[in-house]
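In: okay, here's the prediction I keep looking at, along with the sequence it came from:
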2 protein chains.
Amino acid sequence: MLRRHLVTALALAGSLLVLPAAAEQDKPTPTPKEILARSAPAEWRTPDPQNLLLMQLPSGRVLIELAPDFTPLHAANIRTLVRQHYFDGLAIVRVQDNFVTQWGDPNDDDNGDKSKLRSLGQASKTLSPEFTRAIDAKLPWTPLPDGDVYAPEVGFSEGFPVARDPASGQQWLAHCYGMVGVARDVAPKTGSGSSLYAVIGQAPRRLDRNLAVAGRVLEGMPLLSGLPRGPEPMGFYAKPEQRVTIESVRLAADLPAAQRPAIEVLRTDSASFAALVEARRNGRNAFYTRPAGKVDLCSIEVPVREAKSAH
Amino acid sequence: MLRRHLVTALALAGSLLVLPAAAEQDKPTPTPKEILARSAPAEWRTPDPQNLLLMQLPSGRVLIELAPDFTPLHAANIRTLVRQHYFDGLAIVRVQDNFVTQWGDPNDDDNGDKSKLRSLGQASKTLSPEFTRAIDAKLPWTPLPDGDVYAPEVGFSEGFPVARDPASGQQWLAHCYGMVGVARDVAPKTGSGSSLYAVIGQAPRRLDRNLAVAGRVLEGMPLLSGLPRGPEPMGFYAKPEQRVTIESVRLAADLPAAQRPAIEVLRTDSASFAALVEARRNGRNAFYTRPAGKVDLCSIEVPVREAKSAH
């Protein structure tokens, strides 16, 4: 039995806006794989090495793209921390099921001895919140057509899922799967980027506009999501030996060119991305005979690939 | 620094439908913990032991509640399989990041030797799809107020997240985190319940109405979600030793009373559940100063607790 076919059709795409006639229904729509194979080189971008973090874990590398157009102070402070090798030897401190994996200084909790905390050095200890920013026509904007439970408008900008409210003139990065947020103390201005979390479950959109979002995991999510959940409240690990150690975090810009991750990200303002969105909405094949006809913001993953030049 | 407070406010609740005045904003709303502490015994139900599966893994137990009012043929067939001890010694065969964990017969793939497949015995090899069912006033219905990207109406019925379309008169279980679906072959009627999957990421609502949903994981999700993702396409494990073995699956009704899981589930048509929904929509405290004001179907978890009588 073709049990593997459970999700074969998730790889299929289409562009029918209405339910097709019977004859049409037998015709599969283009798959994401086919759409990407036909994409033009100019539809892909190389992340700015100033925005690309490489977090090395014992299990492999995690690549994170910062979003300085949305959270510039946080991007700058995280770069400062990384350049001081702040994260090297720190750890994943908690994994809470259907919520987040968080990393930083294991001594940084309510009960820890503050004198044991690693110094933030030249980095700021607190930053302005940057929970939202102004809508700006200079930033690219690819709206989605099917609405959103939480915000008046949703779409993509510079590779990131974004929600916006034209009435207030504000936009913000949405807490979708794989997005990286900035942990903080109770007061809104107490985030620094020294402790970060990645979303590993249903998008906790209630966090939007309450926490700064610094970027997105481009590669390595399974190394963060596929970990044992911590036994303590909020998924904290109980013992040091349960924690995954962060070997190092480096900025791609600080690495020799040959050591920089050779990856490309599909532009979210490209025709191929639009085709992928349509594939998610109306993709259809012999297995998935009933397209949803809709897609929600956090069900769209922006493709990342090995750079063609690296082949 | 109170980094643990990242999500403290997720435990907080409220009932303000408009943004509160400045003085009101300083007043935290009731937390889910407080709401549950005040709940009445009659607001909790004991799952019917005919619908409660206990899947024993080396790492612990997973409890699954079947949903015979939505997928009766599948519930009956799964009971038949379980009573034959069909699942004992089978395995978790794949874990695909941000999608599903699937279990069943490891030989059940496109390339396997069909002669090695475990017999389904008295169980049916295929079933009618049961992808949707008629809306029926006899089933409880707790609608949510904030809409949905995919369906005209969403809410809860008998503890399960449900989407419905009054125009067609149909309703169906939604593929939210922790929901258990029935893998199948290409043809819609080829599911049997002998291979099941649990959602471990952003709700793949595009699966709704394309696959039968058999129930929900009540306990043990971390044992399914916190596993290494498989290295093969679609998260299949490459080697037998990578797979988690299923020690046994039993129906609670078939266990001696003393061995039945002593759990209770909050009724989704109770006042306390309504208060929890409101807490998710408008919960507010010193950390979360900006309530979302909305909640999506799959961001609401139905509480499960140890039965009071078990204390």
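Out: Here it is on my side, so go on. Quick caveat: nothing in here was measured; it's all calculated off a predicted structure. Numbers count the residues shown, from 1 in each chain, chains lettered A, B, ... in the order given.

In: contacts, neighbours, all on C-alpha from now
Out: OK.

In: could you list the low-pLDDT ranges of the stretch 101-250 of chain A?
Out: Residue ranges of the stretch 101-250 of chain A with pLDDT under 70: A:110-112.

In: so which residues of it form strands?
Out: Along the stretch 101-250 of chain A, counting by DSSP state E, counting those that start in this stretch, strands occupy A:133-134, A:142-143, A:153-157, A:160-165, A:170-173, A:179-182, A:196-199, A:213-219, A:248-251.

In: would you confirm that A:Arg250 contacts A:Val82?
Out: Yes. The pair A:Arg250 and A:Val82 passes the contact test of Cα atoms under 8 Å, sitting 5.9 Å apart.

In: could you dump the strands of the stretch 101-250 of chain A to a markdown table with mean neighbour count and distance to chain B?
Out: Conversion of the strands of the stretch 101-250 of chain A to a markdown table gives the following (neighbours: other Cα atoms under 10 Å in any protein chain shown; distance: least, Cα to the nearest Cα, whole Å):
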| stretch | mean neighbour count | distance to chain B |
| --- | --- | --- |
| strand A:133-134 | 15 | 15 |
| strand A:142-143 | 18 | 14 |
| strand A:153-157 | 23 | 12 |
| strand A:160-165 | 23 | 12 |
| strand A:170-173 | 23 | 13 |
| strand A:179-182 | 25 | 9 |
| strand A:196-199 | 26 | 10 |
| strand A:213-219 | 25 | 12 |
| strand A:248-251 | 22 | 20 |
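
In: nearest to B:Ser168, of those strands?
Out: B:Ser168 lies closest, by Cα to Cα, to one member of the strands of the stretch 101-250 of chain A: strand A:153-157, at 28.2 Å.

In: mind listing the strands that closest one pairs with, and their directions?
Out: Here strand A:153-157 has these sheet partners by DSSP bridges: strand A:142-143 (antiparallel), strand A:160-165 (antiparallel).

In: next, please give the residue ranges for the helices of the stretch 151-300 of chain A.
Out: A:221-225, A:271-282 (DSSP state H, counting those that start in this stretch).

In: for those helices, which one sits closest to chain B?
Out: helix A:221-225 (6.1 Å; Cα to the nearest Cα).

In: which residues of the stretch 1-150 of chain A fall in helices?
Out: Under DSSP H, counting those that start in this stretch, the stretch 1-150 of chain A gives helices at A:22-25, A:32-37, A:72-83.

In: hang on, the earlier thing: would JSON lines of the strands paired with strand A:153-157 with distance to A:Gly60 be doable?
Out: Formatted as JSON lines, those follow (distance: least, Cα to Cα, whole Å):
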{"stretch": "strand A:142-143", "distance to A:Gly60": "33"}
{"stretch": "strand A:160-165", "distance to A:Gly60": "24"}
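
In: nearest residue to A:Ser39 in space, please, no chain neighbours.
Out: A:Ser272 (5.9 Å; Cα to Cα, 6 or more residues apart in numbering or on different chains).

In: so what's that neighbour up against?
Out: Residues near A:Ser272 by Cα atoms under 8 Å, 6 or more residues apart in numbering or on different chains: A:Ile35, A:Leu36, A:Ser39, A:Glu43.

In: chain B contacts on the stretch 51-200 of chain A?
Out: Contact residues, the stretch 51-200 of chain A versus chain B (Cα under 8 Å from any Cα of the partner chain): A:97-98, A:108-110, A:146-150, A:177, A:183-188, A:195, A:200.
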